[in-house]
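[1] from the sequence below, what's the structure:
(2 chains)
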Number of protein chains: 2
Amino acid sequence: MKHNFGAGPCILPKEVFQEASQAVVDFNNSGLSILEISHRSKDFEAVIAEAERLVRELLNVPQGYSILFLQGGASTQFAMVPLNLLADGAQAAYLDTGVWASKAAKEAKKIGDVAIVGSSADKNYTYIPKNIEVPADAAYFHYTSNNTIYGTEVFDIPSTVAPLVCDMSSDIFSRTINVADYALIYAGAQKNMGPAGVTLVIVKDDILGKSGRTLPTIFDYESHSKAGSMYNTPPVFSIYVSMLNLRWLKAKGGIDVIEQENIIKARALYGEIDRNPFFKGTAVEEDRSRMNVTFVMENPELEASFLELAKERGLIGLKGHRSVGGFRASMYNALSISSVNALVDTMKEFEEKNK
Amino acid sequence: MKHNFGAGPCILPKEVFQEASQAVVDFNNSGLSILEISHRSKDFEAVIAEAERLVRELLNVPQGYSILFLQGGASTQFAMVPLNLLADGAQAAYLDTGVWASKAAKEAKKIGDVAIVGSSADKNYTYIPKNIEVPADAAYFHYTSNNTIYGTEVFDIPSTVAPLVCDMSSDIFSRTINVADYALIYAGAQKNMGPAGVTLVIVKDDILGKSGRTLPTIFDYESHSKAGSMYNTPPVFSIYVSMLNLRWLKAKGGIDVIEQENIIKARALYGEIDRNPFFKGTAVEEDRSRMNVTFVMENPELEASFLELAKERGLIGLKGHRSVGGFRASMYNALSISSVNALVDTMKEFEEKNK
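    Numbering: from 1, shown residues only, chains lettered A, B, ... in the order given. Have a look, this model is predicted:
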């Protein structure tokens, strides 16, 4: 039994793997693999339609928003957002809360004018800047809701009149959000939605078509919206597995239920980090992420030894990102409470052995 | 038993489906799914390295070329090619041999100056324009080697001194090519390489970095080349299945062997089309594609009835594209000679029943 704490691509439910595995040899009892059917077939059209419905239902998406399944990851969105939303002469505001937030701003600067309205780079991104001021005339305000590397998460939406654009790659579907607050949300699938290879975009239709740019069709949200994510051949399998995973989430009770589980998991692990004298968290308490828990040891020399014990106990993917060091326990939706308990028990065992 | 003549996403070998299916529940006996492992894991690094090696070996790629596995399909390449290779003030030459070739040119026109140096639009793309003249100072000359919709294929490379760029989406790995003739080759995977969701780019390193444009990092071939296709999270599963499929092709004997099979398959089907008084081909004989065989009936009123019989015989995906009508039999590498024989037998059966 392995407990997969990897940061992404990451754990998905076993049932999803089993059903996906079956579909690779025989999809819907058709005698055909999901990998060999046309994206224009009725069978796949039903898949993408259900995936879209599930996104709308689970996130309670209001009227007037398009749901897009694109390729290219969040990194492609770093370019597509300003290409579509940042007109010449306008300025976009970005919040710098980590490597990915910073990359998003850097890419936008290649396309238009960008103001960084807050940054926590001064303290290695261990906190979320508060009381930031976003110019009222900003084309949009971009932030990253969860910082996978640094273990911080934005729970309160910054107050601004500018249209909100959010990279939710690592916490979408983990907690309640109010989609109506946003002009555009994007998320690489490979955390809580599905496998790598597809990117979810939720975009308010009436903000499109105003940038004044002549865009290559493939980089224009409107072309994907008009074509129902079928402007070109979509990533069939990644969308299919995402659909299975969203089905699983719905059957589990939806976002409310998973959010409670995620709170319980976070409380259990942070509780142990705070209690156990061998460990300490790296992010400030109020901004601690529920998805990615970053922590180090009071005595860094013991880290290799703890990782070794963790491996023996079947806990994998715990090594911290080089920017932070120590450990990172990613606790996405599919990671069970028992896996978190296994980690907590191992931390206690380590304490006993070393005190 | 179904015979999948679909145009793409399309048939791949059964062995590939079986191994891929197993990896979705347990990859390399790791106890983990291929869908939940990090793209930075040693296991996946071995996969992408093997995929790259197989491309180099099968196509005999010379030194000085990068092999990239990207997202976004050929449609993304329609924009990336001119963004990377077409400087301001320069002109690119395009050959218009069908819907996709025409789209490639249209997207390039949004980015720079484009000359259409030949077109077969006058006869619904039933032939490949010959004796075309490409300006010697063209930034590059772009053509589509196989026209999936119209059933034509370019067997002789147009003679030009301009750097050659080719969209080989639907015939790469089906026949011998001389990579050294090209500056850049691209191909959506979902025909002879793998499932939808990954795009192969083979690019000569020394043509990069000369466009003078400031590109978003994700649209810059150099960033992907430097990062070994890991600039951002790659489409793990699509690359894995492509690797399995290329392994299958190598085990079969490589391109020489598959090309002979493809020639035999094409000869069998075109032979029957030409012999059987009920059918006729749509493409001119010398430009007939080996991958996509387009044909109609002398009496179009019988087409529905033939499709019905074909379905009864397990032949699927035969309906022609709306631009051509009639039938299209796609005969990619994984389609066996026995499937082609099944189609030929059904055409004979139809002849018997209706004469």
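
[2] domain-wise, how is chain A divided?
    A:14-252, A:254-354 (automatic domain parsing).

[3] quick check, residue A:126 in contact with residue A:98.
    No. With contacts counted by C-beta atoms under 8 Å, residue A:126 stays clear of residue A:98, the gap being 10.0 Å. The way it works is simple: take the backbone N, C-alpha and C, and place the C-beta from them, glycine included.

[4] these two: which is more packed in?
    residue A:98 (26 against 19; other C-beta atoms under 10 Å in any protein chain shown).

[5] which one is that one nearest to, not counting chain neighbours?
    residue A:147 (3.9 Å; C-beta to C-beta, 6 or more residues apart in numbering or on different chains).

[6] got the contact list for the residue of chain A most remote from its centre?
    In chain A, the residue that sits farthest from the middle, by C-alpha atoms, centre = their mean, is residue A:355; the gap is 37.7 Å. Neighbouring residues of residue A:355 by C-beta atoms under 8 Å, 6 or more residues apart in numbering or on different chains: residue A:277.

[7] then residue A:216?
    For residue A:216, the contact set (C-beta under 8 Å, 6+ apart) comprises B:78, B:79, B:83, B:107, B:110, B:111.

[8] Three-state assignment for the first one, please.
    It stands for residue B:78. At residue B:78 the chain is in helix, as set by DSSP: H, G, I helix; E, B strand; the rest coil.

[9] that one contacts residue A:232, doesn't it?
    No. Between residue B:78 and residue A:232 there is no contact under C-beta under 8 Å: 9.3 Å.

[10] quick check: neighbours shared by these two?
    When C-beta under 8 Å, 6+ apart defines a contact, the residues bordering residue B:78 and residue A:232 alike are residue A:218.

[11] can you pull the pLDDT of the residue nearest to residue A:177 when sequence neighbours are not counted?
    Nearest in space to residue A:177, with sequence neighbours left out and distances taken as C-beta to C-beta, 6+ apart, is residue A:59 at 6.6 Å. On pLDDT, residue A:59 comes in at 98.

[12] any idea how far residue A:59 lies from residue A:185?
    From residue A:59 across to residue A:185, the span is 9 Å (C-beta to C-beta, to the nearest Å).

[13] which residues are in contact with each of the two?
    Joint contacts of residue A:59 and residue A:185 (C-beta under 8 Å, 6+ apart) are A:172, A:177, A:179, A:202.

[14] looking at the domains of chain A, which is buried most?
    Counting by mean count of other C-beta atoms under 10 Å in any protein chain shown, domain A:14-252 has the highest mean neighbour count of the domains of chain A, with a mean of 21.

[15] start to end distance for it?
    14 Å (C-alpha to C-alpha, to the nearest Å).

[16] looking at residue A:202 now. What's its pLDDT?
    At residue A:202, pLDDT is 98.

[17] what's across from it in the sheet?
    Bridge pairing for residue A:202 (DSSP bridges) gives the partners residue A:67, residue A:185.

[18] contact residues of the stretch 251-355 of chain A facing chain B?
    Those residues of the stretch 251-355 of chain A that sit near chain B, judged by C-beta under 8 Å from any C-beta of the partner chain, are residue A:317.

[19] residue in the stretch 251-355 of chain A nearest to chain B?
    Sorted by distance to chain B under C-beta to the nearest C-beta, the residues of the stretch 251-355 of chain A start with residue A:317, at 7.0 Å.

[20] that residue contacts residue A:8, correct?
    No. At 9.4 Å, residue A:317 does not count as touching residue A:8 under the criterion of C-beta under 8 Å.

[21] between these two, which contacts overlap?
    A:330, B:38.

[22] so what's residue A:204 up against?
    A:64, A:65, A:163, A:182, A:183, A:184.

[23] can I get these in JSON lines with distance to chain B and secondary structure?
    Shown next, in JSON lines, are the contacts of residue A:204 (distance: C-beta to the nearest C-beta, whole Å; DSSP: H, G, I helix; E, B strand; the rest coil):
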{"residue": "A:64", "distance to chain B": "27", "secondary structure": "coil"}
{"residue": "A:65", "distance to chain B": "23", "secondary structure": "strand"}
{"residue": "A:163", "distance to chain B": "21", "secondary structure": "coil"}
{"residue": "A:182", "distance to chain B": "22", "secondary structure": "coil"}
{"residue": "A:183", "distance to chain B": "20", "secondary structure": "coil"}
{"residue": "A:184", "distance to chain B": "17", "secondary structure": "strand"}
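
[24] strands of chain A, start to end?
    Under the criterion DSSP state E, strands of chain A are mapped to A:3-4, A:65-70, A:91-96, A:113-119, A:141-144, A:146-147, A:152-153, A:164-167, A:184-188, A:199-204, A:279-281, A:292-297, A:315-316, A:327-330.

[25] in JSON lines, list these along with distance to residue B:328.
    Formatted as JSON lines, the strands of chain A follow (distance: least, C-beta to C-beta, whole Å):
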{"stretch": "strand A:3-4", "distance to residue B:328": "44"}
{"stretch": "strand A:65-70", "distance to residue B:328": "27"}
{"stretch": "strand A:91-96", "distance to residue B:328": "46"}
{"stretch": "strand A:113-119", "distance to residue B:328": "48"}
{"stretch": "strand A:141-144", "distance to residue B:328": "45"}
{"stretch": "strand A:146-147", "distance to residue B:328": "47"}
{"stretch": "strand A:152-153", "distance to residue B:328": "51"}
{"stretch": "strand A:164-167", "distance to residue B:328": "42"}
{"stretch": "strand A:184-188", "distance to residue B:328": "35"}
{"stretch": "strand A:199-204", "distance to residue B:328": "31"}
{"stretch": "strand A:279-281", "distance to residue B:328": "60"}
{"stretch": "strand A:292-297", "distance to residue B:328": "49"}
{"stretch": "strand A:315-316", "distance to residue B:328": "47"}
{"stretch": "strand A:327-330", "distance to residue B:328": "46"}
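
[26] which one of those lies closest to residue B:14?
    strand A:65-70 (28.1 Å; C-beta to C-beta).

[27] and the residue nearest to residue A:177, its phi and psi?
    Reported as degrees, to the nearest 10, the phi and psi values for residue A:59 are phi -100, psi 0.

[28] before we move on, the earlier item: from the shared contacts of residue A:59 and residue A:185, pick the one nearest chain B.
    residue A:172 (15.3 Å).

[29] measure the residue nearest to the closest one when sequence neighbours are not counted to chain B for me?
    Leaving out its chain neighbours, the residue that sits closest to residue A:172 by C-beta to C-beta, 6+ apart is residue A:187, at 4.3 Å. Distance of residue A:187 to chain B, computed by C-beta to the nearest C-beta, to the nearest Å: 12 Å.

[30] show me the contacts for residue A:187.
    Residue A:187 makes contacts with A:74, A:167, A:168, A:169, A:170, A:172, A:193, A:199, A:200, as judged by C-beta under 8 Å, 6+ apart.

[31] repeat that for residue A:85.
    For residue A:85, the contact set (C-beta under 8 Å, 6+ apart) comprises A:92, A:139, A:140, A:163, A:165, A:183, A:184, A:207, A:210, A:211.

[32] now the residues you listed as JSON lines including distance to residue A:121 and pLDDT?
    Below are these laid out as JSON lines (distance: C-beta to C-beta, whole Å; pLDDT from 0 to 100):
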{"residue": "A:92", "distance to residue A:121": "19", "pLDDT": "98"}
{"residue": "A:139", "distance to residue A:121": "23", "pLDDT": "97"}
{"residue": "A:140", "distance to residue A:121": "21", "pLDDT": "98"}
{"residue": "A:163", "distance to residue A:121": "25", "pLDDT": "97"}
{"residue": "A:165", "distance to residue A:121": "20", "pLDDT": "98"}
{"residue": "A:183", "distance to residue A:121": "26", "pLDDT": "98"}
{"residue": "A:184", "distance to residue A:121": "25", "pLDDT": "98"}
{"residue": "A:207", "distance to residue A:121": "29", "pLDDT": "96"}
{"residue": "A:210", "distance to residue A:121": "32", "pLDDT": "88"}
{"residue": "A:211", "distance to residue A:121": "29", "pLDDT": "89"}
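
[33] no more questions from me, cheers.
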